[in-house]
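Visitor: With the sequence up front, the predicted model follows.
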Amino acid sequence: MIIALCSTGDAMESPVDERFGRAAYFLFYNTITSEMVSVINEAKTAKGGAGALAVQLLVNNKAELLIAPEVGPQALDALKKFKIPAFKQGENTTPELAVLAWGNGSLEMIKDPGNKGLHKV
Amino acid sequence: MMKIAVLSGKGGTGKTTVSNNLAALNSDAILLDCDVEEPNSHIFMNPRIKGDEDVAKDYPVIDEEKCVHCGECARFCHYNAIISGPSATITMKEICHSCRGCALVCQHDAITYKQREIGKIYSGTSRFGTELVYGELKTGELSGVPIINKIREMTGEEHSILIDSPPGTACSTVAAVEDCDYALIVTEPTPFGVSDMKMVVEMLRTMKIPFSVIINKAWLGDREVYDYCREENLEILGEIPFDRDIAEAYSTGKLIVECDPKYEDIFQSLWNKIHFIGERIHGC
Ligand code: SF4
Ligand code: SF4
């Protein structure tokens, strides 16, 4: 399974990013091969629709699951349509720790949208 | 006649106080409340509504039968309002700007457009005789620009126009201020007031719209706004004193020009100054 993570850097040990749509990097971690691909988030500076563009990035990279701080209403809707479940990274400080926590079943699923990033255009 | 925009760096700095009092004193002007997320001029102007109009916007609908999920439309959309993957292609109507470009790039004829209502425009005559037009954006909608454009289209050149524009420097503010002859920035003498105001100053300079500053609740806070205006060579066209009567009038839905003749003078001389400047720079 490919897990998408929000990171401030390009490594599994980098600090997690506190934003989804405007995260600096997305890391795509393959739980079967343990390989990781990092992608710079071009939507970081997008005027609007950063959440949507991030979902597009996830889809392009075949992500099957997302671990994020929170997800806005539109992006959450889009994730549902692409059948990508989202989990809260919670107190985990790095993508690596977040993946471990997910493996332990200790992450909470994101059911309701957050609106920290909600951007007026 | 002159088109005058009233702006502020953020909400609640007295933008409505300025635009509404000016409009109340000049019944041959038309007041356009373009602050469509939070219109409140109708509370003070109390218009008899003569007409209302829905404002609708296009959004794309994808025909599942025809779509091959090639992703062309998603790559094209400047606003990221379409997401396309191997199993689905979806559109996000809240983000869509109705440019209709996605249907042009789709090689499979899979995109058509539908309309949805995003708000309403009301017009009527206020209790002062001034015409008022105001728009209201539905809650949850992100962009009031189509409503503002429509409000702006509704008025001709034969009356002076006062525009209560959205606060800040968003697209909606630009739409409200575009091709105005003059702008008034309303600000309060607080440090926050200055930093928000700077962005508005930059925006107006980029748009090449002449403007001056009105200080609301003058003498209440510090001197930073005054220092900033001096440094940037900005004209302070008027000051509205900090006065308990204003807050009191405001809370009962009244305008200060109704309560105190002193304010009639303040606002009428403001109006005269603006038109004097208008004649000087535009000949209008
Ligand atoms: S361009 Fe047309 S066919 Fe391709 S994904 Fe978009 S709607 Fe579907
Ligand atoms: S109409 Fe324009 S803005 Fe709307 S989805 Fe299509 S390309 Fe994007």
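Guide: In hand now; what should we look at? Ligands and ions are numbered 1, 2, ... in the order given.
Visitor: any idea how far the nearest residue to residue B:36 once chain neighbours are set aside lies from residue B:160?
Guide: Spatial nearest neighbour of residue B:36, excluding adjacent residues (CB to CB, 6 or more residues apart in numbering or on different chains): residue B:144 at 3.8 Å. Glycine gets a C-beta too; all of them are placed from N, C-alpha and C. Residue B:144 sits 23 Å away from residue B:160 when distances are taken as CB to CB, to the nearest Å.
Visitor: now swap in residue A:93 and tell me
Guide: Here the criterion is CB to CB. By it, residue A:93 lies 59 Å from residue B:160.
Visitor: So for the two, which sits in the more crowded spot?
Guide: More crowded of residue A:93 and residue B:160, by other CB atoms under 10 Å in any protein chain shown: residue B:160, with 21 against 13.
Visitor: what's the spacing between that one and residue B:277?
Guide: Applying CB to CB, the value for residue B:160 to residue B:277 is 13 Å.
Visitor: gap between residue A:11 and ligand 1?
Guide: According to CB to the nearest ligand atom, to the nearest Å, residue A:11 stands 34 Å off from ligand 1.
Visitor: Report the contact partners of that residue.
Guide: Counting by CB atoms under 8 Å, 6 or more residues apart in numbering or on different chains, residue A:11 makes contact with A:27, A:38.
Visitor: could you redo the last one with a cut-off of 6 Å?
Guide: The neighbours of residue A:11, taking CB atoms under 6 Å, 6 or more residues apart in numbering or on different chains as the test, come to nothing; the list is empty.
Visitor: buried set for stretch B:42-56?
Guide: By neighbour count on 16 or more other CB atoms under 10 Å in any protein chain shown, the buried set for stretch B:42-56 is B:42, B:44-47, B:53, B:55.
Visitor: how about the helices of chain A, start to end?
Guide: Along chain A, the segments classed as helices by DSSP state H run A:50-60, A:73-81, A:95-103.
Visitor: Most tightly packed of those?
Guide: For these, average neighbour numbers computed from mean count of other CB atoms under 10 Å in any protein chain shown are highest in helix A:50-60, which has a mean of 26.
Visitor: For that helix, enumerate the helices and strands it packs against.
Guide: Counting contacts by 3 or more CB pairs under 6 Å, 6 or more residues apart in numbering or on different chains; DSSP states H and E, helix A:50-60 packs against helix A:73-81, strand B:82-84.
Visitor: ok now that helix, how far from the chain's centre?
Guide: Helix A:50-60 has its average C-alpha position 9 Å from the chain's average C-alpha position, going by CA atoms, centre = their mean, to the nearest Å.
Visitor: export it as PDB, just CAs?
Guide: Output of helix A:50-60 as PDB, limited to C-alpha atoms (Å, rounded to 0.1, in the frame of the first residue of the first chain):
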ATOM      1  CA  ALA A  50      -4.400  24.000  -3.000                       C
ATOM      2  CA  GLY A  51      -6.300  21.200  -1.300                       C
ATOM      3  CA  ALA A  52      -7.700  20.000  -4.700                       C
ATOM      4  CA  LEU A  53      -4.300  20.200  -6.400                       C
ATOM      5  CA  ALA A  54      -2.800  18.200  -3.500                       C
ATOM      6  CA  VAL A  55      -5.500  15.500  -4.000                       C
ATOM      7  CA  GLN A  56      -4.500  15.400  -7.700                       C
ATOM      8  CA  LEU A  57      -0.900  14.900  -6.700                       C
ATOM      9  CA  LEU A  58      -2.000  12.000  -4.400                       C
ATOM     10  CA  VAL A  59      -4.000  10.500  -7.200                       C
ATOM     11  CA  ASN A  60      -1.100  10.800  -9.700                       C
END
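Visitor: Contacts for stretch A:14-34 next, please.
Guide: In this structure, residues lying in contact with stretch A:14-34 by CB under 6 Å, 6+ apart are A:1-8, A:10, A:36-41, A:44, A:50-51, A:54, A:57, A:61, A:68-69, A:71, A:89, A:95, A:99, A:117.
Visitor: Equivalent analysis for stretch B:62-71, please.
Guide: Residues external to stretch B:62-71 that are found in contact with it (CB under 6 Å, 6+ apart): B:84, B:86, B:89, B:108-111.
Visitor: Turn these into CSV, including secondary structure.
Guide: What follows is these, written out as CSV (DSSP: H, G, I helix; E, B strand; the rest coil):
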residue, secondary structure
B:84, strand
B:86, coil
B:89, strand
B:108, coil
B:109, coil
B:110, coil
B:111, strand
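Visitor: Pull the most distant pair out of the residues you listed.
Guide: Within these, B:86 and B:109 form the most distant pair, 20.2 Å apart (CB to CB).
Visitor: Now do the helices in the stretch 1-150 of chain B.
Guide: Applying DSSP state H, counting those that start in this stretch to the stretch 1-150 of chain B gives helices spanning B:15-25, B:41-45, B:72-76, B:101-105, B:145-153.
Visitor: Quick check: which of these is buried the most?
Guide: Most buried of the helices of the stretch 1-150 of chain B, by mean neighbour count (mean count of other CB under 10 Å): helix B:15-25, with a mean of 26.
Visitor: What lies in contact with that helix?
Guide: Where contact means CB under 6 Å, 6+ apart, the residues beyond helix B:15-25 that reach it are B:6, B:8, B:29, B:31, B:40-41, B:44, B:128, B:130, B:162, B:164, B:186, B:214, B:255, B:257, B:267-268, B:271.
Visitor: Can I get the buried part of those residues as one PyMOL selection?
Guide: Selecting in PyMOL just the buried members of the contacts of helix B:15-25, where the criterion is 16+ other CB under 10 Å, is done with this command:
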select buried, chain B and resi 6+8+29+31+40+41+44+128+130+162+164+186+214+255+257+267+271
